[in-house]
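*Asks:* Structure, please.
(2 chains)
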Amino acid sequence: MAPHRQVCLGIESTADDFGVGVATFDGEVLANVSDSYVPEEGGIHPREAARHHAEVADKVLAQALSKANLKPANLSVITFAQGPGLGPCLRTGATVARALASYLGLPLVGVNHSVGHIEIGKLKTAASDPLTLYVSGGNTMVTAYAAGRYRVFGETLDIALGNCLDVFGREAGLKNRRGQPLGAQVEQLAKKGGLLVPLPYVVKGMDISLSGLVTAAVSALNEGKFSLEDVCFSLQENAFSMVTEVSERALAHTEKREVLLTGGVAANKRLQEMLGIIAAEHDAQFMVVPKEFATDNGAMIAWAGVLAFTHGQTTPVEESFVKLRWRVDKVDVPWMEANL
Amino acid sequence: MSVLLKKGAEASLFLVDFHGKPAVIKERLPKRYRPPQLDQTIRRYRTVHEPQLMHDAKRAGVATPLVFLVDVENARIVMEYVEGHQVKQLLDELCEADMQELCVQIGVAVAKLHGGGIVHGDLTTSNMILAADGRLVFVDFGLGDRSEELEARGVDLHLLRRALQSTHFVHADACFSAVLEGYAKQAGSVAEEAVVLKVREIEKRGRYIAERQADAG
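*Replies:* Numbering: from 1, shown residues only, chains lettered A, B, ... in the order given. This is a model prediction of the structure:
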């Protein structure tokens, strides 16, 4: 590639994935490499995940640079996911980013992880001002841009949608497998189910609650009256109907013309189908982030970093501490104003 | 003859003539995204519950439209047409004093609902109408419930605060303070303090609240 093209390297390490992405300032993703921590059993242990990230960091970094066909000296800016996420994991990524930036003498930009998911979704689907449903293992929120920020119109009052599916999968005895997250396994089982088991449906305004639903689904399974496939089916139908209902409500409220589905659970075909239906009913265009960019990845941090950096945002090292609970509606997104 | 007033997310509103009176038909249309069995259960439940809660709200001293007819089979409610403006449209246009006064009035009404054993379930400024005759009318009780629990009341106020933050972001804090002032006026400061503490607790349970981090030290 031409040497004058400006390039950003982004590091993602908020949870179980350590990812490095490389994006040009004009929006081309040159590399997107990641390595996931897969626990033997149970959920993500933050310290174990952080240990994994530290072990694979140099390898993933080298692979990303070689894939992009770049040397460190070709980079213009280093960005990292500063939050929200798991403390030990975030700190590992931040340490790598600080080291790189200071060694190479490059500016550093701390990026909000949720903004990353929204921006990569927009970049890859060409959405300009969507209502976004962002659903993953750690997040469930309905957001849309208004007056300088992505505002949160609805969110979960307790656990995230991906977490809901994972917890159920684990309780049902499914095992973690590389490349086969529990949520994806639940999706496959649900396809074979069809009997609707009565489960709670909890919508409060534009917010939802999922923890009671998981408990009820596990009890229904343990009662032994229903098959695992039917409970998976019913769990998905209830949970997805709830997020779709609040998304539709937010869509009617904001009158946006695009609906964007992003985050790890965006890969679920049934959820895509439901969101597609409400978008069509409100004459909005429906877009789904491509699978490669649905789960946590470095490219989204690189791209959100480009947007932030080119709009004057940088993060001095002494202010680059991680923010575990950094809400998306606390972040200024000046590039949106210019695009509308 | 009917005119489509609004196609909401959950229901469509039609303006009709009901025996010489202007009326609104609220019809909960089937949602294709949900399995039919689940969809029917939800629509039927809300159609039955909403008029009951509207009635209870009146008893508690909060204005709601008069219900003329409930058609459970077709998930339809026929009710009085309230002439006026949605608070959502009004609020940002008001001067500071009027905004303050309206929000106090909202707080008083919410406290009356709670005192009457009702939680609204969807307290947004779209669901409040300032009627031409000066009444503050609450609508859309479809997600409401009968509850005396502090938790349910806390969620109710939390939802209102969030609605203010996402829609009326410039004045959200001042508006919410005024709402609480009205709430305290009606329910007493002890009840108001208890519910405010609950709201804070609920918000801390949520994901990514900076305050929780500070509390953890």
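*Asks:* how long is stretch B:141-152 end to end?
*Replies:* End-to-end distance of stretch B:141-152 (C-alpha to C-alpha, to the nearest Å): 14 Å.
*Asks:* hey, where'd the strands end up in chain B?
*Replies:* Along chain B, the segments classed as strands by DSSP state E run B:2-7, B:11-18, B:21-28, B:67-71, B:76-80, B:84-86, B:118-119, B:128-131, B:136-138, B:145-146.
*Asks:* Need the winner for burial among these.
*Replies:* The highest mean neighbour count among the strands of chain B, using mean count of other C-beta atoms under 10 Å in any protein chain shown, belongs to strand B:118-119: a mean of 28. All C-beta spots, glycine's among them, are computed from the backbone N, C-alpha and C.
*Asks:* Pull up the pairing partners for that strand, direction included.
*Replies:* strand B:145-146 (antiparallel) (DSSP bridges).
*Asks:* Let me know whether stretch A:144-160 sits next to chain B.
*Replies:* Yes: on the criterion C-beta under 8 Å from any C-beta of the partner chain, stretch A:144-160 is in touch with chain B at A:146-147, A:151-153, A:155-158, A:160.
*Asks:* from those, which two are the most distant?
*Replies:* Spanning the widest gap among these are A:147 and A:158, at 28.5 Å by C-beta to C-beta.
*Asks:* for stretch A:259-271, the distance to its chain's centre please.
*Replies:* On the basis of C-alpha atoms, centre = their mean, to the nearest Å, stretch A:259-271 sits 10 Å off its chain's mean C-alpha point.
*Asks:* Show me which positions of that stretch end up buried.
*Replies:* Buried positions in stretch A:259-271, judged by neighbour count with 16 or more other C-beta atoms under 10 Å in any protein chain shown: A:259-268, A:271.
*Asks:* Just the endpoints, please. Distance across that stretch?
*Replies:* For stretch A:259-271, by C-alpha to C-alpha, the gap between its terminal residues amounts to 13 Å.
*Asks:* Which positions in chain B make contact with chain A?
*Replies:* Contact residues (C-beta under 8 Å from any C-beta) of chain B with chain A: B:7-10, B:31-35, B:37-38, B:42, B:121-124, B:126, B:143, B:155, B:159, B:162-163, B:165-167, B:169-170, B:202, B:205-210, B:212-213.
*Asks:* ok, of these, which come out buried?
*Replies:* Here, 16+ other C-beta under 10 Å leaves B:8-10, B:31, B:33-35, B:38, B:42, B:121-124, B:126, B:143, B:155, B:159, B:162-163, B:165-167, B:169, B:202, B:206-209, B:213 buried among the residues of chain B next to chain A.
*Asks:* Just the ones in helices from those residues, please.
*Replies:* The helices, defined by DSSP state H, take in B:38, B:42, B:155, B:159, B:162-163, B:165-167, B:202, B:213 from these.
*Asks:* Residue A:198: which of the strands of chain B is closest?
*Replies:* Between residue A:198 and the strands of chain B, the shortest separation by C-beta to C-beta is 18.4 Å, and it involves strand B:145-146.
*Asks:* Rounded mean pLDDT for that closest one, please.
*Replies:* Mean pLDDT, strand B:145-146: 93.
*Asks:* which regions of chain A sit below the pLDDT cut-off?
*Replies:* Scanning chain A for pLDDT under 70 picks out A:1-4, A:339-340.
*Asks:* and residue A:106, how many residues sit next to it?
*Replies:* Residue A:106 has 18 neighbouring residues, counting by other C-beta atoms under 10 Å in any protein chain shown.
*Asks:* contacts for the helix or strand hosting residue A:94?
*Replies:* In this structure, residue A:94 is located in helix A:87-104 according to DSSP states H and E. Outside helix A:87-104, the residues that touch it by C-beta atoms under 8 Å, 6 or more residues apart in numbering or on different chains are A:9, A:11-16, A:18, A:46-47, A:49-50, A:53-54, A:57, A:61, A:72-73, A:75, A:78-83, A:106-108, A:110, A:317, A:320-322, A:324.
*Asks:* Quick check, residue B:179 in contact with residue B:108.
*Replies:* No: in this structure, residue B:179 is not within contact of residue B:108 by C-beta atoms under 8 Å, at 9.1 Å.
*Asks:* These two: which is more packed in?
*Replies:* Of the pair residue B:179 and residue B:108, residue B:179 is the one with more neighbours under other C-beta under 10 Å, namely 25 against 20.
*Asks:* List the contacts of the nearest residue to that one once chain neighbours are set aside.
*Replies:* Using C-beta to C-beta, 6 or more residues apart in numbering or on different chains and skipping residues adjacent in sequence, the residue nearest residue B:179 is residue B:107, 3.9 Å away. Residues counted as contacts of residue B:107 (C-beta under 8 Å, 6+ apart) are B:178-186.
*Asks:* PyMOL command for the buried members of these?
*Replies:* Filtering the contacts of residue B:107 down to the buried ones (16+ other C-beta under 10 Å) takes a single PyMOL command:
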select buried, chain B and resi 178+179+180+182+183+184+186
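*Asks:* now, among the contacts of residue B:107, which is nearest to residue B:75?
*Replies:* Among the contacts of residue B:107, and counting by C-beta to C-beta, the member closest to residue B:75 is residue B:179, at 31.8 Å.
*Asks:* Would you check how far apart that closest one and chain A are?
*Replies:* 15 Å (C-beta to the nearest C-beta, to the nearest Å).
*Asks:* do the same with residue B:70
*Replies:* Distance from residue B:70 to chain A, by C-beta to the nearest C-beta: 21 Å.
*Asks:* And residue B:180, by the same measure?
*Replies:* In this view, residue B:180 and chain A are 18 Å apart by C-beta to the nearest C-beta.
*Asks:* Strands of chain A, residue ranges please.
*Replies:* A:7-12, A:17-24, A:29-36, A:77-83, A:108-112, A:131-135, A:140-146, A:149-155, A:203-204, A:207-208, A:258-262, A:285-288.
*Asks:* by contact count, what packs against the first one?
*Replies:* Under the contact criterion of 3 or more C-beta pairs under 8 Å, 6 or more residues apart in numbering or on different chains; DSSP states H and E, the helices and strands touching strand A:7-12 comprise strand A:17-24, strand A:77-83, helix A:87-104, helix A:113-125, helix A:298-310.
*Asks:* now do 7 Å
*Replies:* Packing partners of strand A:7-12 (3 or more C-beta pairs under 7 Å, 6 or more residues apart in numbering or on different chains; DSSP states H and E): strand A:17-24, strand A:77-83, helix A:87-104, helix A:298-310.
*Asks:* now do the fourth one
*Replies:* Contact partners of strand A:77-83 among helices and strands, from 3+ C-beta pairs under 7 Å, 6+ apart: strand A:7-12, helix A:87-104, strand A:108-112, helix A:113-125, helix A:298-310.
*Asks:* tilt between that strand and strand A:17-24?
*Replies:* 140 degrees (axes from the mean of the first three to the mean of the last three C-alpha atoms, to 10 degrees).
*Asks:* how about the helix holding residue A:94 as CSV, C-alpha atoms only?
*Replies:* In CSV, the C-alpha atoms belonging to helix A:87-104 read as follows (Å, rounded to 0.1, in the frame of the first residue of the first chain):
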residue,chain,number,x,y,z
GLY,A,87,-10.9,-4.8,34.7
PRO,A,88,-8.0,-7.2,34.4
CYS,A,89,-8.8,-7.7,30.7
LEU,A,90,-9.1,-4.0,30.0
ARG,A,91,-5.8,-3.3,31.8
THR,A,92,-3.9,-5.8,29.7
GLY,A,93,-5.0,-4.2,26.4
ALA,A,94,-4.4,-0.7,27.8
THR,A,95,-0.9,-1.7,28.9
VAL,A,96,-0.1,-3.0,25.4
ALA,A,97,-1.5,0.2,23.8
ARG,A,98,0.4,2.5,26.1
ALA,A,99,3.6,0.7,25.5
LEU,A,100,3.2,0.8,21.7
ALA,A,101,2.2,4.4,21.7
SER,A,102,5.1,5.6,23.8
TYR,A,103,7.7,3.4,22.1
LEU,A,104,6.6,4.5,18.7
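*Asks:* Give the buried residues for that helix.
*Replies:* A:88-98, A:100-101.
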